[in-house]
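A.B. asks: Sequence and predicted structure below; questions after.
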Number of protein chains: 2
Amino acid sequence: MSNRLDKNDWVLAGLKTLSRDGLEAVRVEPLAAKLKVTKGSFYWHFKDRKALLTAMLSLWKREATHAIIDEVERRGGDAKTRLRALFEIVLQSNGKLELAIRAWATTDKTVANTLKTIDRRRIGYTENLFQELGFSSLEANARAHLAYHSLIGQYAMGHNQPGLGPKAQFDAVFTMLTRKPK
Amino acid sequence: MSNRLDKNDWVLAGLKTLSRDGLEAVRVEPLAAKLKVTKGSFYWHFKDRKALLTAMLSLWKREATHAIIDEVERRGGDAKTRLRALFEIVLQSNGKLELAIRAWATTDKTVANTLKTIDRRRIGYTENLFQELGFSSLEANARAHLAYHSLIGQYAMGHNQPGLGPKAQFDAVFTMLTRKPK
DNA sequence: ACGAGACCATACGCTACCGTATGGTGGGGA
DNA sequence: TCCCCACCATACGGTAGCGTATGGTCTCGT
């Protein structure tokens, strides 16, 4: 058995403590301690702390860009079905990692730009679903933003029990969002 | 002219850098430099760094609990008017300070509890307005949560230009939230 | 005007972490 | 087998910030 680590082990450990304790907690020596090695290992794999952070962001970006949308499309169904699936899937996560990255973005422009790109993509996808449902461009846009903001808001507040919360409330919200105007 | 500082000057400076650069940036020596004094001053006013943080939280709590709700009630009007006023007022802020405090709350239980109390109060107030509009308890609750989550979500994303954003979108959202079910 | 106390400067020791330099080790390919 | 090199330990010097100790100075009340 080989206890030796590779670059990815460090990135994973970094994302884990980022999610748990925030950016300031991902420091090389404490991280090394958790991995039962010393920082000698770290500096073999990475130039410096910043290089680790960059790698962490890039891994998260790959994941965050595709994972959920792909899963929704895999399940298929009409627009309303996919919309409901989308909500159900994103509410399964407690959003702790994403929240930590969002906090990180407030002091790092690169992270902020990455996040902006992802936000746009996800909102755009949601907006398209609403348009498929027959909403005008404006109405779809307003609904997609409302839904997405609400999701991020739930991440930002506790929301610690993953899941949908009370079903009646969820249905009320879903009905509101998918109800045609006029 | 007296350049001497009192406790409140430190708290204000602390909140300012908390809002700008996050919790980790509010440290006594850099803060002293910004205030053109040395930490000798700081440790006269506060026992330690934690005491400053506590004072900051407590000041913010006082402000955040009453300010907005009081302003809405001062303006008066029927429930729909007050609801619209509420949305307009809260969207005037870019929410940077509140966002920083929310990030802080992820690693500090005291902060988390303070925030939970405030969240409940604000959601409760909003829920009451929806009930005044004739919504059932369940419908009012769902709408208040949706609106509040959405607000926090906007804070958590850039939203850097204070203001309401495109009026048409705002109206679409407001219409959606205040439209009776059935 | 003068003492007291509020406010501040300076100097010190301590800890946590960064990044570098250098040498050790164990497992897989020639 | 043995040697190479990917991976790791150790030791070092440097910086930033914490909190303490001690003494200086400005200002206000009497």
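C.D. replies: Looks like it arrived, so ask away.
A.B. asks: now residue A:164: how far from residue B:21?
C.D. replies: 36 Å (C-beta to C-beta, to the nearest Å). Every C-beta, even on glycine, is put in place using the N, C-alpha and C of the backbone.
A.B. asks: which other helices and strands contact the strand or helix carrying residue A:138?
C.D. replies: In the assignment (DSSP states H and E), residue A:138 maps to helix A:137-156. Applying 3 or more C-beta pairs under 8 Å, 6 or more residues apart in numbering or on different chains; DSSP states H and E, we find helix A:137-156 packed against helix A:96-105, helix A:109-132, helix A:167-178, helix B:137-156, helix B:167-178.
A.B. asks: so who does the nearest residue to residue A:102 once chain neighbours are set aside touch?
C.D. replies: Nearest residue to residue A:102 in three dimensions, chain neighbours excluded: residue B:156, at 5.6 Å (C-beta to C-beta, 6 or more residues apart in numbering or on different chains). By C-beta atoms under 8 Å, 6 or more residues apart in numbering or on different chains, the contact set of residue B:156 is A:99, A:102, A:152-153, A:155-156, B:95, B:99, B:102.
A.B. asks: who touches the spatially most central residue of chain A in this structure?
C.D. replies: Against the mean C-alpha coordinate of chain A, by C-alpha atoms, centre = their mean, the closest residue is residue A:98 at 4.3 Å. Counting by C-beta under 8 Å, 6+ apart, residue A:98 touches A:64, A:155.
A.B. asks: Ok, the one 4 residues further on next?
C.D. replies: Shown in contact with residue A:102 (C-beta under 8 Å, 6+ apart): A:115, A:152, A:155-156, B:156-157.
A.B. asks: so where's chain A uncertain?
C.D. replies: A:1-2, A:160-162 (pLDDT under 70).
A.B. asks: okay, the helices and strands packed on helix A:137-156 in a markdown table with distance to residue B:66 next?
C.D. replies: Output for the helices and strands packed on helix A:137-156, formatted as a markdown table (distance: least, C-beta to C-beta, whole Å):
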| stretch | distance to residue B:66 |
| --- | --- |
| helix A:96-105 | 27 |
| helix A:109-132 | 32 |
| helix A:167-178 | 28 |
| helix B:137-156 | 17 |
| helix B:167-178 | 24 |
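A.B. asks: which one of those lies closest to DNA strand D?
C.D. replies: helix A:96-105 (18.1 Å; C-beta to the nearest atom of the strand).
A.B. asks: Now do the closest one: distance to the chain's middle.
C.D. replies: Computed by C-alpha atoms, centre = their mean, to the nearest Å, the chain-centroid distance of helix A:96-105 equals 8 Å.
A.B. asks: Please apply the same query to stretch A:77-91.
C.D. replies: 16 Å.
A.B. asks: Could you confirm whether that stretch reaches chain B?
C.D. replies: No - interface with chain B: stretch A:77-91 contributes nothing (C-beta under 8 Å from any C-beta of the partner chain), its closest point being 11.2 Å away.
A.B. asks: CA atoms only: put that stretch into PDB for me.
C.D. replies: Taking C-alpha atoms only, stretch A:77-91 is exported to PDB below (Å, rounded to 0.1, in the frame of the first residue of the first chain):
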ATOM      1  CA  GLY A  77     -38.600  15.300 -19.800                       C
ATOM      2  CA  ASP A  78     -40.500  18.400 -20.800                       C
ATOM      3  CA  ALA A  79     -39.500  21.800 -19.600                       C
ATOM      4  CA  LYS A  80     -41.600  21.800 -16.500                       C
ATOM      5  CA  THR A  81     -40.300  18.400 -15.400                       C
ATOM      6  CA  ARG A  82     -36.700  19.500 -16.000                       C
ATOM      7  CA  LEU A  83     -37.300  22.700 -14.100                       C
ATOM      8  CA  ARG A  84     -38.600  20.800 -11.100                       C
ATOM      9  CA  ALA A  85     -35.700  18.400 -11.300                       C
ATOM     10  CA  LEU A  86     -33.300  21.300 -11.400                       C
ATOM     11  CA  PHE A  87     -34.700  22.700  -8.200                       C
ATOM     12  CA  GLU A  88     -34.700  19.400  -6.500                       C
ATOM     13  CA  ILE A  89     -31.100  18.600  -7.400                       C
ATOM     14  CA  VAL A  90     -29.600  22.000  -6.400                       C
ATOM     15  CA  LEU A  91     -31.400  21.900  -3.100                       C
END
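A.B. asks: coming back round to it: centre of the chain to the helix holding residue A:138, how far?
C.D. replies: So, by C-alpha atoms, centre = their mean, the centroid of helix A:137-156 is 15 Å from its chain's centroid.
A.B. asks: And that helix, what's buried?
C.D. replies: A:139-156 (16 or more other C-beta atoms under 10 Å in any protein chain shown).
A.B. asks: Please apply the same query to stretch A:63-76.
C.D. replies: Applying 16+ other C-beta under 10 Å to stretch A:63-76 flags A:64, A:68-69, A:72 as buried.
A.B. asks: Check what contacts stretch A:111-130 and list those residues.
C.D. replies: Against stretch A:111-130 from outside (C-beta under 8 Å, 6+ apart): A:57, A:61, A:64-65, A:68-69, A:79, A:82-83, A:86, A:101-102, A:104-106, A:139-141, A:143-145, A:147-148, B:157-158.
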